[in-house]
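Participant: heads up, no residue letters with this:
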Ligand SMILES: Cc1ncc(C[n+]2csc(CCOP(=O)(O)OP(=O)(O)O)c2C)c(N)n1
Ligand SMILES: [Mg+2]
């Protein structure tokens, strides 16, 4: 299905926004202004956006420690996220969570997560809730999905979640982002199923898809099929594995000695989803360079504004430590 | 004596014990670092640099890099130990104990008792723990309260490089399962370390970190450092504090605590875990029960509030105990009448 100009521009803007968000954080973190652990999503933008562009606010996503891209793609406020990362009281989570715990429940974003493998069971629960609520007037179910890495696919929680989703026919989608590394360990070593995570999911009894995660159109087209299948009542869960790349270290500060000679340059040159998108839409004369350059400038400005807002954000007060442990106590 | 960091004291002791005893093996996520990558094994050498060089020295049979699977790591440590090895498992952040809880709590802790004394399970479970890095609610916790409350598990919390060395060697040679809580903030601390290859510190013996006659401060792990700073500040004002570093929370050196409180009559307990059902409440009840007659003031507890660990810098410092908060608690016990 051909996307119109508006949809293409929006998708590109989302990817570019994530890219600039992360590139800027990469710089800001070196100054020491931002506290805590930060895991950047650069290189994987086409997955988050290719998936989330299909979703509505009724659909829920559960994210990972590398969550900024998923949050932005699901519609979390850029300024609110930046403020959260700066630890501001005005941040999306009042400075309580920071980079690893950004959430916006109203947007269907059920949280980034510091515990690897924790997301998949939560997504199954949200999917079961959607199943209980039943299909909409078009006969389609709202879905829930968990983004998981090639590392997270080795957790028992992920296995249990997949089986639970299959036996309960939960409208749940397991989105595996295989960026070939879990921290400093290669997927060849850590995943025993001949490097293929989708076949593992398939063995649990669900339908699976695979696509190149650096090609927005491959992600978007594949995910449309996945979604069509899972939205249909009675089908149950599905899994999709995207082959993708991480451009920065595991966390900011990672010396990345596990990378091959020239690996990062090669990835940036050949596997950059933004470059690939630009080449493909300009090549097909769907958008021209001037259109895309304008989006680039807008995204850059949005990030500049977000950082300015984050710097000026209200700081939490010591007594705020006690807020929100409970609703009533 | 050698000057070592806390990190190297742990690393070197494990290394020496692996050289000495072939049954000692290590396992955990990225303990080799770089497996299956272009950089190859040892490209990183453990994210805490506590196992750097192990793979090259001892090979893949004894230095086992695992996928992200804490349940399996914990359980495999139990199985290795039951089968005659002496595993040292690393749970990268103590917070991830949640993932592996059953294998520790229902399995490793209970084998010997359930099996009527017929099994030996000499597993060491290392867990880097504690706050101070703004790493938020799932990468900052002190989990001493959970493991101290597990019958069958011994729990070690070293504060100095020398204690890290002597307690690690004891943990490896000990026939019972041991949880070894390394405070992440202490890795860079340097100090003199006894180089005797058999230097062990027996469990259940506290260390007197500061001596004074007015107030007893009982602490563990990183909190000992804060208590020392508080005691040094208070000494300027002529207030003398015993700072007792309990070193192992299970077994516990009750005598050292009670003897001190009998002299001072005032006790301040410092704990990095939240205040309910914790080491702080445990030690308070010990003192209330067994040194009641000596007490001249209510026991004070300096702990975080009953909340998860917050992210923002201001919030994390408000959350954590500090030398100033400890000093204030000491003065409160002195002002009581
Ligand atoms: C339960 C648990 N174990 C270990 C970690 C430490 N850790 C954080 S991210 C990570 C690697 C995750 O790899 P993957 O799932 O492939 O995600 P990626 O980092 O590639 O996005 C590890 C080991 C953790 N946060 N939680
Ligand atoms: Mg990965």
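Facilitator: Nice, thanks for sending it over. No experiment lies behind these values; they were computed from the predicted model shown. Ligands and ions are numbered 1, 2, ... in the order given.
Participant: hey, let's count contacts and neighbours off CA atoms from now on
Facilitator: Fine.
Participant: and residue A:188, how many neighbours?
Facilitator: The burial metric for residue A:188, expressed as a neighbour count using other C-alpha atoms under 10 Å in any protein chain shown, is 16.
Participant: what's the answer for residue A:319, then?
Facilitator: Residues near residue A:319, counting by other C-alpha under 10 Å, number 10.
Participant: can I assume it sits in a helix?
Facilitator: Yes: under DSSP: H, G, I helix; E, B strand; the rest coil, residue A:319 sits within a helix.
Participant: ok and the residue in chain A nearest chain B?
Facilitator: Going by C-alpha to the nearest C-alpha, chain B is nearest to residue A:258 of chain A, at 3.8 Å.
Participant: what are the contacting residues of the helix or strand containing residue B:98?
Facilitator: Assigned by DSSP states H and E, residue B:98 belongs to helix B:97-102. By C-alpha atoms under 8 Å, 6 or more residues apart in numbering or on different chains, the surrounding residues in contact with helix B:97-102 are B:70, B:71, B:72, B:73, B:74, B:75, B:91.
Participant: quickly find the element holding the third one.
Facilitator: Here residue B:72 sits within helix B:70-82, counting by DSSP H and E.
Participant: quick one: the helix or strand that that helix is followed by near chain A?
Facilitator: Sequence-wise, the next helix or strand downstream of helix B:70-82 (DSSP H and E) is strand B:86-90. No: Strand B:86-90 stays out of contact with chain A when judged by C-alpha under 8 Å from any C-alpha of the partner chain, the minimum separation being 15.3 Å.
Participant: give the contact list for the closest residue to ligand 1 within the stretch 101-250 of chain B.
Facilitator: Taking C-alpha to the nearest ligand atom as the measure, the point where the stretch 101-250 of chain B comes nearest ligand 1 is residue B:139, at 7.6 Å. Contacts here follow C-alpha under 8 Å, 6+ apart; on that basis residue B:139 touches A:114, B:93, B:94, B:95, B:129, B:130, B:131.
Participant: ok, what's across the strand from the fifth one?
Facilitator: Spelled out, it's residue B:129. Residues found in beta-bridge contact with residue B:129 (criterion: DSSP bridges) are residue B:183.
Participant: residue ranges for the helices of the stretch 151-300 of chain A, please.
Facilitator: Along the stretch 151-300 of chain A, counting by DSSP state H, counting those that start in this stretch, helices occupy A:156-168, A:187-190, A:197-203, A:216-231, A:263-270, A:273-283, A:289-312.
Participant: chain center to the third one: distance?
Facilitator: Relative to the mean C-alpha coordinate of its chain, helix A:197-203 is positioned 20 Å out (C-alpha atoms, centre = their mean, to the nearest Å).
Participant: enumerate the positions of it that are buried.
Facilitator: When burial is assessed from 16 or more other C-alpha atoms under 10 Å in any protein chain shown, helix A:197-203 yields the following buried residues: A:197, A:198, A:199, A:200, A:201, A:202.
Participant: quick one: residues contacting the fourth one.
Facilitator: Residues in contact with residue A:200, defined by C-alpha under 8 Å, 6+ apart, are residue A:193.
Participant: just for the chain, where's the confidence low?
Facilitator: In the absence of a named chain, chain A is used. Under the criterion pLDDT under 70, the flagged ranges of chain A are A:1, A:194-195.
Participant: sorry, I should have been clearer: chain B.
Facilitator: Applying pLDDT under 70 to chain B flags no residue at all.
Participant: enumerate the residues of it near chain A.
Facilitator: Listed as neighbours of chain A in chain B under the rule C-alpha under 8 Å from any C-alpha: B:30, B:33-40, B:43-44, B:66-71, B:96, B:133-139, B:305-308, B:310-315, B:318-319.
Participant: how much space is there between the closest residue to ligand 2 within chain B and residue A:158?
Facilitator: Taking C-alpha to the ion, ligand 2 has its nearest neighbour within chain B at residue B:68, 10.8 Å off. Distance, residue B:68 to residue A:158, by C-alpha to C-alpha, to the nearest Å: 11 Å.
Participant: any common contacting residues for these two?
Facilitator: Shared contacts of residue B:68 and residue A:158, counting by C-alpha under 8 Å, 6+ apart, come down to residue A:152.
Participant: the more surrounded of the two?
Facilitator: Comparing residue B:68 with residue A:158 by neighbour count (other C-alpha under 10 Å), the higher total belongs to residue B:68, at 27 against 22.
Participant: for the more buried one, give me its contacts.
Facilitator: With contacts defined as C-alpha under 8 Å, 6+ apart, residue B:68 is in contact with A:116, A:151, A:152, A:154, A:155, B:29.
Participant: among these, which ones are in strands?
Facilitator: Per DSSP state E, strands hold the following members of the contacts of residue B:68: residue B:29.
Participant: quick check: residue B:277 is in a helix.
Facilitator: No: checked against three-state DSSP, residue B:277 lies outside a helix; its state is coil.
Participant: report how many residues lie close to it.
Facilitator: Residues near residue B:277, counting by other C-alpha under 10 Å: 12.
Participant: in the longest helix along chain A, which residues are buried?
Facilitator: Ranked by residue count and defined by DSSP state H, the top helix of chain A is helix A:5-30. For helix A:5-30, the neighbour count (16+ other C-alpha under 10 Å) marks A:8-9, A:11-23, A:25-26, A:29 as buried.
Participant: quick one: that helix to helix A:289-312, angle?
Facilitator: Using axes from the mean of the first three to the mean of the last three C-alpha atoms, to 10 degrees, the direction of helix A:5-30 lies 40 degrees away from that of helix A:289-312.
Participant: how about the residues of the stretch 151-300 of chain A by ligand 1?
Facilitator: A:151, A:152, A:179, A:181, A:182, A:183, A:250 (C-alpha under 6 Å from any ligand atom).
Participant: so the last one makes contact with residue A:184?
Facilitator: Yep, that's residue A:250 we're talking about. Yes: look at residue A:250 against residue A:184 with C-alpha atoms under 8 Å: they come within range, at 7.3 Å.
Participant: where do the contact lists of these two overlap?
Facilitator: By C-alpha under 8 Å, 6+ apart, residue A:250 and residue A:184 have these common neighbours: residue A:256.
Participant: so residue B:122, which state does it fall into?
Facilitator: Three states are possible here, and by three-state DSSP the one that applies to residue B:122 is coil.
Participant: now it: how far from chain A?
Facilitator: As judged by C-alpha to the nearest C-alpha, to the nearest Å, residue B:122 and chain A stand 25 Å apart.
Participant: was I right about that residue contacting residue B:154?
Facilitator: No: no contact is recorded between residue B:122 and residue B:154 when judged using C-alpha under 8 Å, the distance being 10.7 Å.
Participant: domains in chain B, as residue ranges please.
Facilitator: B:2-193, B:207-335 (the TED database).
Participant: ends of the shortest one, how far apart?
Facilitator: Spelled out, that is domain B:207-335. Span of domain B:207-335 from end to end, C-alpha to C-alpha: 27 Å.
Participant: quick one: the strands in the stretch 1-150 of chain B, in order.
Facilitator: Counting by DSSP state E, counting those that start in this stretch, residue ranges of the strands within the stretch 1-150 of chain B are B:2-5, B:24-29, B:63-66, B:86-90, B:124-129.
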